[in-house]
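Visitor: model the following, please.
(4 chains)
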2 protein chains.
Amino acid sequence: MPLNEAAKKKFVAFLESKSLRITSQRHAIINTVFSTDKHFTADELLAWAREKDKSVSRATVYRTLPLLTESGLVREMDFGKDYKFYDPNYADHPHHSHLICGDCDKIVEFDDEKLEKLECEITEKLGFSIKSQRLQITGTCEEMKRLGSCKNKCH
Amino acid sequence: MPLNEAAKKKFVAFLESKSLRITSQRHAIINTVFSTDKHFTADELLAWAREKDKSVSRATVYRTLPLLTESGLVREMDFGKDYKFYDPNYADHPHHSHLICGDCDKIVEFDDEKLEKLECEITEKLGFSIKSQRLQITGTCEEMKRLGSCKNKCH
DNA sequence: ATCAATGCAAATAATTTGCAAAAAG
DNA sequence: CTTTTTGCAAATTATTTGCATTGAT
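Guide: Numbers count the residues shown, from 1 in each chain, chains lettered A, B, ... in the order given. Below you'll find the model as predicted:
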């Protein structure tokens, strides 16, 4: 998957706006993060970044992750495991939601305008204005129920 | 807040169905959990349960929590802290969502039929059938923005 | 030069677990 | 009696942090 140049540029601008430095280690981390659309863990990010630059340490990964989330380009996700996942797709799809297959754990991301509008309405009716949203739907694969496996939808 | 007898009965039935025992410590924990509508941490639950039965240990709390979530009567929640919260209101409102005030951290729970229906439709369109859902909306209090504090809505 | 960023190794803190003793059914 | 549950204390594990050194600007 090619590097998402636009996202990288935004993050570099974010760092510069806070007078933070673009070190070679951060370079490796940034390039890794914005060259995938997969959810990743801190551990995976460390391994991938090290393939590009052997000098990246675990501490630097853990120190860079909060910068990425603070910039809004990456979002911390909780899927009930005891470690966190990070989703790099908020750069391109700032409002997306997650559908998780309860059978095979595959995660589908989706955007839905009607949903977005409804959430906004509900929020305003309660006296707030919406800032952000996280929706996780857990589902069962229909294919799975009919055929005993969810080849098409879930693998 | 009075004990939610119905929820307690359901959980006791759940334990019996798995031939698990109703010990005095579990009694104290169950009574605590179903006598509040607040989200709580493991640590808080331990403190509260100990007020009822001094012999409850941290280990027992941590061993009982997964039983509560497995029963579906309590749900584990992630609000971005490094410890988990537990929500005892799924017994009475199995589909509720959370609206979090970004200004004062107050959490409002709400049910919405239209939302539920829409989520179901989206899920089916993607080839799944819905099993469960978690929605967290973060908002800004209107009162806050106008008056500089959110007395009515948020405190 | 200056000040932020690094790697390392040690610290932190929530949660889990092994085990021998206690209690439920 | 049998089997589960308990408390305790030690273990686990993701993440954080102090510090002396390095590197970006």
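Visitor: low-scoring pLDDT stretches of chain A, where are they?
Guide: Applying pLDDT under 70 to chain A flags the ranges A:143-155.
Visitor: got the buried residues for the biggest strand by length in chain A?
Guide: As assigned by DSSP state E, the longest strand anywhere in chain A is strand A:128-141. By 16 or more other Cβ atoms under 10 Å in any protein chain shown, the buried positions in strand A:128-141 come out as A:128, A:130, A:133-141. In short, each C-beta sits where N, CA and C put it, glycine included.
Visitor: next one: stretch A:59-74
Guide: Buried residues in stretch A:59-74 (16+ other Cβ under 10 Å): A:60-61, A:64-65, A:67-69, A:71, A:73-74.
Visitor: contacts for stretch A:51-61?
Guide: Contact partners of stretch A:51-61, identified using Cβ atoms under 8 Å, 6 or more residues apart in numbering or on different chains, comprise A:24-29, A:31-32, A:42, A:45-46, A:49-50.
Visitor: of these, buried ones?
Guide: Buried among the contacts of stretch A:51-61 by 16+ other Cβ under 10 Å: A:25-29, A:31-32, A:42, A:45-46, A:49-50.
Visitor: farthest pair within the buried residues of stretch A:59-74?
Guide: A:Thr60 and A:Leu73 (17.8 Å; Cβ to Cβ).
Visitor: DNA strand C contacts on chain A?
Guide: Applying Cβ under 7 Å from any atom of the strand, we find that chain A lies next to DNA strand C at A:15, A:19-21, A:23, A:25-26, A:55-60, A:63-64, A:82.
Visitor: what segments of chain A are strands?
Guide: A:75-77, A:85-87, A:97-101, A:107-110, A:128-141.
Visitor: which helices and strands sit right next to the last one?
Guide: Strand A:128-141 is packed against strand A:97-101, helix A:113-125, helix B:113-125, strand B:128-141, helix B:142-147, with contacts defined by 3 or more Cβ pairs under 8 Å, 6 or more residues apart in numbering or on different chains; DSSP states H and E.
Visitor: list the strands paired with that strand, with their directions.
Guide: In the sheet, strand A:128-141 lines up against strand A:97-101 (parallel), strand B:128-141 (antiparallel) (DSSP bridges).
Visitor: residues in contact with the shortest one?
Guide: Contact with strand A:97-101 is made by A:77, A:79, A:106-112, A:115, A:133-141, A:144, A:150, A:153-154, B:122-123, B:126, B:128, as judged by Cβ under 8 Å, 6+ apart.
Visitor: that strand to helix B:113-125, inter-axis angle?
Guide: Per axes from the mean of the first three to the mean of the last three Cα atoms, to 10 degrees, the angle that strand A:97-101 makes with helix B:113-125 is 60 degrees.
Visitor: and A:Leu99, how many neighbours does it have?
Guide: A:Leu99 has 22 neighbours, counted by other Cβ atoms under 10 Å in any protein chain shown.
Visitor: could you give the bridge partners of it?
Guide: Going by DSSP bridges, A:Leu99 forms beta bridges with A:Val108, A:Ile137.
Visitor: measure it to DNA strand C for me?
Guide: Using Cβ to the nearest atom of the strand, to the nearest Å, A:Leu99 is found at 25 Å from DNA strand C.
Visitor: hey, what's the nearest residue to A:Gly139 once chain neighbours are set aside bridged with?
Guide: Ranked by Cβ to Cβ, 6 or more residues apart in numbering or on different chains and with sequence neighbours excluded, the top spatial neighbour of A:Gly139 is B:Phe128, at 3.2 Å. Here B:Phe128 shows beta-bridge partners A:Cys141, assigned using DSSP bridges.
Visitor: which residues are in contact with B:Phe128?
Guide: A:99, A:101, A:137, A:139-142, A:153.
Visitor: in a markdown table, list the residues you listed along with distance to B:Ala7.
Guide: Below are these laid out as a markdown table (distance: Cβ to Cβ, whole Å):
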| residue | distance to B:Ala7 |
| --- | --- |
| A:Leu99 | 29 |
| A:Cys101 | 30 |
| A:Ile137 | 25 |
| A:Gly139 | 26 |
| A:Thr140 | 26 |
| A:Cys141 | 31 |
| A:Glu142 | 32 |
| A:Lys153 | 35 |
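Visitor: how is chain A carved up into domains?
Guide: A:5-87, A:97-147 (automatic domain parsing).
Visitor: how about those domains in JSON lines, adding distance to B:Asn4?
Guide: What follows is these, written out as JSON lines (distance: least, Cβ to Cβ, whole Å):
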{"stretch": "domain A:5-87", "distance to B:Asn4": "25"}
{"stretch": "domain A:97-147", "distance to B:Asn4": "24"}
